[in-house]
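>>> model this:
(2 chains)
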Amino acid sequence: MIDLSINTDLTIKILTGFIKTELNRVGFNKTLMGLSGGIDSAVSLYLSVRALGHENVLAVRMPYKASPPDTLEDAQTMIDDLGVQSLTVEITEMVDPLIDLYEDMTKLRAGNIMARMRMIVLYDQSVPFKGLVMGTSNKTEMLLGYSTIFGDSAAALQPIGDLYKTQVRQLAKALGVPDNVIQKAPSADLWAGQTDEGELGFTYAEVDKLLYLLVDQRYRPEACVEEGFDKAFVERVMGLMRRNHFKRVMPPIAKLSQRTIGYDFLYPRDWGT
Amino acid sequence: MIGVMMKIKIALAQFNSKLGDVKANLEKHLELIEEAHKQNADLIIFPELSLTGYVLQDLAYNVALRPHQEDPVFNELFKASKDIDLVVGFVHEDRRHRFYIAAAYLSEGKTSHIHNKVYLPTYGMFDEGRFFAEGDSVRAFDTKFGRVGMLICEDFWHASLPYLLWLDGADILLFSSASPGRGLGESPRLSSSIWVEHTNRAYAGLFTNFVVHANKVGYEDGLNFWGGSTIFNPNGELVIRAPDFESTLAIAEIDLNQLHRSRARLPLLRDERTNVVLRELERILGVK
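Residues are numbered from 1 along each chain as shown, chains lettered A, B, ... in the order given. The predicted structure follows:
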């Protein structure tokens, strides 16, 4: 019996404490994030408001011309609901010149360009707003590598990075995220009709259970098959995890000296705070 | 126990250190010591590495201290220990420049005892063995409240060390830790918090001892420290429990007469067959 249920009160207590402490210790009390209208950024937004107060949170909507209008409306509903500061920066005119430059442009490349443009907008806005960029990645997508490196994966903090998508859904309910945001099919909205589950070829509910066994419970892949998971599915997920590991670590530095960053120059990020 | 105070007030300094800033942490220690003294506490216990913070990595070598009068940090603590006994956590650099995670018991301007952490967790999220030397002894020692023993975090995940302190005469076990919270499920408490509390309760009951535990709170990098400091009495009953995650100075009185009552009822210490333990250990280890 695989049970991913979490105590949401305890989770909210730890995560709001984390957000507040990690910002305050480096001299910040504000945060900003992209608000797509999806569940992950919604949960990060609601947690940030609880941690810092609505006046210290900036939600940035960054639609592309192909973004479905209802996601923009859902984001607005949450902005109004929470009373946070907000900004809408359409990225179409910024990304289209680059996308149009190459005839062999693919959907994947264009999607990555959009994700990285949103990163640029957020990091730029972080200066006048005097806030840090909040990450919105969950454990499932981090493990599968379902993200754009230096795009949506770029952030100062990752509050929900140790919660599976299934658990993010549970947390979203407890935080009062609107039902239609929780219910809608997860999508990166990089092109019309794109859904995570369509692209990945399996559902979050399925893969979360498998990841829980493989990662949290340290099951060997063979043991997961014995537990009833399809062999090809287990192999596919193992492959995604392995192949995308580079997105979860810093780029390796070629070691030459007696003391090298990352190998024998080891300090906590929170050094001296 | 004749000549020993029978009712003592213990303060659990459940707080968060500034990572790698000994000066700032010393100030905080002196504040909490003064506060505990004002509330008539006889003994105040700080968490593991309270003077430095926990996730030190290479910072360990820059924040190491030598607990003698000439050290400006310890000098302040010695002065403070004239009013109230102290247990503080620090990085201990010995004469040969080995670095230990240590706890010092200070009383009346002197060091009564230093314990160097024996078990350094180096697995999962822990990497202590990479940066620190292992302590290699465990000793009970005498205080004005009777004989006590100190252990640090992973030390008391191994049953052998509390057991040795018990046999060495410790009636009060003083545990300090920087325990990172982990194991989120449906329970309103993390499984690490539940596990440590069960263990401490078990030691109190099995040894008919007082078990005092001060744990850190706050966040370091992504880790949370859950607090929940406790005191259990020799019946295994909870005397005080500080809240999870909150900075607090939790003060409770313990009655050392409880040792008499518990051990008259349940003579586990009297009946402990140390000769059997020794003989079987020698057999298991092939010593004889």
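>>> residues from the stretch 51-200 of chain A in reach of chain B?
Contact residues, the stretch 51-200 of chain A versus chain B (C-beta under 8 Å from any C-beta of the partner chain): A:158, A:162. In short, each C-beta sits where N, CA and C put it, glycine included.
>>> any idea of the pLDDT on the residue nearest the centre of chain A?
In chain A, the centroid-proximal residue (C-alpha atoms, centre = their mean) is A:S137; its distance is 1.8 Å. The score at A:S137 is 97. That number is its pLDDT.
>>> need the next SSE after the longest helix seen in chain A, C-terminal direction.
For chain A, the helix with the greatest residue count under DSSP state H is helix A:107-129. Counting by DSSP states H and E, the next helix or strand C-terminal to helix A:107-129 is strand A:132-133.
>>> in the helix or strand where B:Q258 lies, what's buried?
In the assignment (DSSP H and E), B:Q258 maps to helix B:257-265. Neighbour counts using 16 or more other C-beta atoms under 10 Å in any protein chain shown place B:258-259, B:262-263 of helix B:257-265 among the buried residues.
>>> between the residues you listed, which is closest to chain A?
Nearest to chain A, judged by C-beta to the nearest C-beta, of these is B:Q258 at 33.2 Å.
>>> what parts of the stretch 51-200 of chain B come near chain A?
Residues of the stretch 51-200 of chain B found near chain A (C-beta under 8 Å from any C-beta) are B:55-59, B:181, B:184-190.
>>> 10 Å instead?
B:53-60, B:62, B:127, B:130-131, B:181-190, B:193 (C-beta under 10 Å from any C-beta of the partner chain).
>>> which of the residues you listed are buried?
B:53-60, B:131, B:181-182, B:184, B:189-190, B:193.
>>> still on that earlier bit, got a list of contacts for the helix holding B:Q258?
B:1, B:6-7, B:146, B:171-172, B:204-205, B:207-210, B:233-237, B:239, B:255, B:268-270 (C-beta atoms under 10 Å, 6 or more residues apart in numbering or on different chains).
>>> filter the residues you listed down to the ones in strands?
Filtering the contacts of helix B:257-265 for membership in strands, criterion DSSP state E, returns B:7, B:146, B:172, B:210, B:239, B:255.
>>> most neighbours among the residues you listed, which one is it?
B:F210 (28 neighbours; other C-beta atoms under 10 Å in any protein chain shown).
>>> my guess is it contacts B:P234, does it?
Yes: counting by C-beta atoms under 10 Å, B:F210 does reach B:P234; the two are 6.3 Å apart.
>>> mutual contacts of those two, please.
In contact with both B:F210 and B:P234: B:171-172, B:204, B:254, B:256, B:258-259, B:262, using C-beta under 10 Å, 6+ apart.
>>> I'd like the residues you listed as CSV, with pLDDT and distance to A:I261 appended.
Shown next, in CSV, are the shared contacts of B:F210 and B:P234 (pLDDT from 0 to 100; distance: C-beta to C-beta, whole Å):
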residue, pLDDT, distance to A:I261
B:D171, 98, 50
B:I172, 98, 46
B:A204, 98, 46
B:I254, 98, 49
B:L256, 97, 53
B:Q258, 97, 54
B:L259, 97, 54
B:S262, 98, 55
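>>> which pair in those residues spans the largest distance?
B:A204 and B:L256 (13.8 Å; C-beta to C-beta).
>>> quick revisit: biggest separation within the ones in strands among the contacts of helix B:257-265, which pair?
Distance extremes for these: the farthest pair is B:G146 and B:V239 at 16.4 Å, using C-beta to C-beta.
>>> so where do the strands sit in the chain?
Unless you meant another one, I'm taking chain A. Under DSSP E, chain A gives strands at A:31-34, A:57-61, A:85-88, A:132-133.
>>> my question was about chain B
B:7-14, B:43-45, B:85-93, B:99-107, B:110-116, B:141-143, B:146-152, B:172-177, B:210-215, B:217-220, B:223-226, B:230-232, B:238-241, B:248-255.
>>> B:E76 against B:H29, yeah?
Yes: contact criterion C-beta under 10 Å: B:E76 and B:H29 qualify, at 8.3 Å.
>>> ok, now which ones touch A:W271?
B:19-21, B:53, B:55-59, B:220-221.
>>> now do the helices in chain A.
Under DSSP H, chain A gives helices at A:8-24, A:39-52, A:69-82, A:92-100, A:107-129, A:139-144, A:165-175, A:179-183, A:196-200, A:204-211, A:221-226, A:231-243.
>>> quick one: list the elements packing against the longest one.
In this case it means helix A:107-129. strand A:31-34, strand A:57-61, strand A:85-88, helix A:92-100, strand A:132-133 (3 or more C-beta pairs under 10 Å, 6 or more residues apart in numbering or on different chains; DSSP states H and E).
>>> what strands line up against the shortest one, and which way round?
Which is strand A:132-133. strand A:31-34 (parallel) (DSSP bridges).
>>> hmm, back to that, list the contacts for the residue nearest to the centre of chain A?
A:40-41, A:44, A:146-147, A:152-155, A:158-161, A:247.
>>> where in the stretch 51-200 of chain A is pLDDT low?
A:190 (pLDDT under 70).
>>> so B:G89 touches B:Y105, yeah?
No: taking contacts as C-beta under 10 Å, B:G89 lies outside contact range of B:Y105: 11.3 Å.
>>> tell me which of these two has more neighbours.
The residue with more neighbours, out of B:G89 and B:Y105, is B:G89; 30 against 23, by other C-beta under 10 Å.
>>> tell me how far the nearest residue to the more buried one once chain neighbours are set aside lies from B:V22.
Nearest residue to B:G89, sequence neighbours excluded (C-beta to C-beta, 6 or more residues apart in numbering or on different chains): B:S50, at 4.1 Å. Note on B:S50: its distance to B:V22, by C-beta to C-beta, to the nearest Å, is 10 Å.
>>> same question, A:D40
A:D40 is 40 Å from B:V22, by C-beta to C-beta.
>>> quickly list what the closest residue in space to B:D71 that isn't next to it in sequence is bridged to.
With C-beta to C-beta, 6+ apart as the criterion, B:D71 has its nearest non-adjacent residue at 5.7 Å, and that residue is B:L65. Beta-bridge pairing of B:L65 under DSSP bridges involves B:H92.
>>> same question, B:R241
B:T230.
>>> that one and chain A, how far apart?
16 Å (C-beta to the nearest C-beta, to the nearest Å).
>>> burial check on that residue, number of neighbours?
Using other C-beta under 10 Å: B:R241 sits among 17 other residues.
>>> tell me the pLDDT at it?
98.
>>> hmm, it is touching B:V196, no?
No: with contact defined as C-beta under 10 Å, B:R241 does not count as touching B:V196 (11.7 Å).
>>> mutual contacts of those two, please.
Joint contacts of B:R241 and B:V196 (C-beta under 10 Å, 6+ apart) are B:213, B:228, B:230.
>>> which residues sit in contact with the first one?
For B:H213, the set of contacting residues under the criterion of C-beta under 10 Å, 6+ apart consists of B:12, B:14, B:45, B:47, B:151, B:153, B:156, B:173-177, B:179, B:196-197, B:199-200, B:203, B:228-232, B:241-242.
>>> go on, the second one?
Contact partners of B:G228, counting by C-beta under 10 Å, 6+ apart, are B:14, B:179, B:181, B:189-190, B:192-194, B:196-197, B:213, B:215, B:217, B:241-246.
>>> what's the answer for A:A42, then?
A:35-36, A:59, A:74-75, A:78, A:82, A:136, A:168, A:172, A:175-178, A:181-182.
>>> excluding chain neighbours, what is closest to it?
A:A42's closest residue in space is A:V177 (C-beta to C-beta, 6+ apart), at 4.6 Å.
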